[in-house]
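J.: got a predicted structure here, sequence first:
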Amino acid sequence: MKPSILAAIILSPLLAFCQQPNKQNQMKDKAFPVQKSEKEWKEILDSDQFRVLRLKGTERPHTSEYNMHYEDGIYSCAGCKAPLFASDSKFDAHCGWPSFDKPVSDTVVVEVPDNSHGMRRTEILCANCGGHLGHVFPDGPKETTGMRYCINGVALDFEDR
Ligand SMILES: [Zn+2]
């Protein structure tokens, strides 16, 4: 057998594997440091938190205590307590959800393409537990990052400083 044919036989399944661009695979491969069963999450989250963080739900706009909240402090993940957003990156986007122009660092959140509901959006997950936080949009304040991290308030805890 010619070496080139052999290479094609060996490589083609590998290529096919590498080219599967689907979110399902990424999510399965991605091992978040904090892993809990559904039962364990239900023990530490209330029903609204569970629906948003674990089932990718969205809270009703203008319902979060953190929407119009401008105390000085740090917003952390309600699921695993990882620090996510600082109060000095919070701004009023008039959208009904707490909005930030950046996370505390690039490593605390994970961005995932989300084409559900007929929209092309970028979902934001907690990098520590994989909890769904919200979405990021490129319509934030131009004078800073230009990004708007639109976050469900129930997915956040707040600690003042
Ligand atoms: Zn988390």
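T.: Perfect, I can see it now.
J.: from here on, contacts and neighbour counts on C-alpha atoms
T.: Noted.
J.: pull up the residues of the chain that are close to the ion.
T.: Proximity of the chain to the ion is confined to 77, 79-80, 126, 129 under the rule Cα under 5 Å from the ion.
J.: how does it look with 8 Å?
T.: Remark: the part of the chain in contact with the ion comprises 34, 76-82, 125-131, using Cα under 8 Å from the ion.
J.: and these, which two are the farthest apart?
T.: Val34 and Ser76 (14.5 Å; Cα to Cα).
J.: who has more neighbours, these two?
T.: For Val34 and Ser76, the more surrounded residue by other Cα atoms under 10 Å is Ser76, and the numbers stand at 20 against 12.
J.: SS state for the more buried one?
T.: When states are read from DSSP: H, G, I helix; E, B strand; the rest coil, the local structure at Ser76 comes out as strand.
J.: tell me who's in contact with the residue nearest to it when sequence neighbours are not counted.
T.: Using Cα to Cα, 6 or more residues apart in numbering and skipping residues adjacent in sequence, the residue nearest Ser76 is Pro83, 4.1 Å away. With contact set as Cα atoms under 8 Å, 6 or more residues apart in numbering, Pro83 has these partners: 74-77, 104, 108.
J.: most neighbours of all the residues you listed, which one?
T.: Taking other Cα under 10 Å as the neighbour criterion, Cys77 ranks highest of those with 26 neighbours.
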